[in-house]
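Trainee: everything below, folded, please.
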Amino acid sequence: MNKEQCFQLGYVAKVHGLRGEIVVVLDADYPEDYEDLEHLFLEQKGRLVPFFLEHFVLQPGNKALAKFEELDRIEQVEHLVGSEVYLPLSELPELDDDQYYYHELIGFEVEDEIKGLLGPVEIIYDLETQDLLGVKHQNKEVLIPIQDGIIQKVDKAAKKVYCRLPEGLLDIYLED
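Mentor: I've put the predicted structure just below:
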């Protein structure tokens, strides 16, 4: 399994107790969609390694208490703290037609209602303060906030993102 076939579900925040349990912080709008997991992939030295779950119990605050099979002591899981947690893309819940996952937008063309076609989405920046589309426009990267009012509509069939850029946003990136 490689990262291109997966999405990041969260990360291992800390060890819990002495019997090999860990706390996983989930980056999910609906954590309950993941309460019946049988396995997780953890990034270890640049590779995704499967870990089979003994239990995965949801906690308040988008967290889960996880226990892996055959890891029964704190010493066996301490090195996992900080590891990113992944699942295969096939584990993503189905969305309605008007909903989308950010990773689906890679390669979509971005069109502003005034400036017209800007270019393709090349990367999604998932930052603590806000999420951004990294769009290639006139050989420069333009960062567009993923916010209501800016992103007007996503047409998955046409592979287009329609937006209304704040005045002056493009100018910041096009200045020399």
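Trainee: tell me where the protein has helices.
Mentor: 74-77, 169-174 (DSSP state H).
Trainee: in the longest one, what's buried?
Mentor: Read that as helix 169-174. By neighbour count with 16 or more other Cβ atoms under 10 Å, helix 169-174 contains the buried residues 169-170. The C-beta positions use only the backbone N, C-alpha and C, and glycine is treated the same way.
Trainee: flag the shaky bits of the protein, pLDDT-wise.
Mentor: Across the chain, residues meeting the criterion (pLDDT under 70) sit at 176.
Trainee: would you mind pulling the contact partners of stretch 4-15?
Mentor: Residues from elsewhere that reach stretch 4-15 (Cβ atoms under 8 Å, 6 or more residues apart in numbering): 21-28, 34, 40-42, 48, 62-63, 74, 77-78, 80-89, 92, 101, 103.
Trainee: from these, list the buried ones, please.
Mentor: 21-26, 28, 34, 40-42, 48, 63, 77, 80, 83-87, 92.
Trainee: just the ones of those residues in strands?
Mentor: Members of the buried ones among the contacts of stretch 4-15 lying in strands (criterion: DSSP state E): 21-26, 40-42, 48, 63, 84-87.
Trainee: who are the neighbours in contact with Leu37?
Mentor: Counted by Cβ under 8 Å, 6+ apart, Leu37 has contacts 53, 56, 87, 91.
Trainee: likewise for Val121?
Mentor: 105-110, 133-135, 161.
Trainee: tabulate the helices of the chain (JSON lines), appending distance to Gly17.
Mentor: As requested, the helices of the chain are exported to JSON lines (distance: least, Cβ to Cβ, whole Å):
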{"stretch": "helix 74-77", "distance to Gly17": "7"}
{"stretch": "helix 169-174", "distance to Gly17": "49"}
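Trainee: between the ones you listed, which gets nearest to Asn2?
Mentor: Evaluated with Cβ to Cβ, these place helix 74-77 nearest to Asn2, the distance being 23.9 Å.
Trainee: give me the distance from that closest one to the chain's centre.
Mentor: Once both centres are worked out by Cα atoms, centre = their mean, to the nearest Å, helix 74-77 turns out to sit 27 Å from its chain's centre.
Trainee: again with stretch 77-84
Mentor: Worked out by Cα atoms, centre = their mean, stretch 77-84 lies 19 Å from the chain centre.
Trainee: quick check: end-to-end length of it?
Mentor: Distance between the two ends of stretch 77-84: 14 Å, counting by Cα to Cα, to the nearest Å.
Trainee: also stretch 88-99?
Mentor: OK, stretch 88-99 end separation, Cα to Cα: 19 Å.
Trainee: what residues does it touch?
Mentor: Taking Cβ under 8 Å, 6+ apart as the rule, stretch 88-99 contacts 1, 5-7, 30, 33-34, 37, 41, 101, 103, 154, 156.
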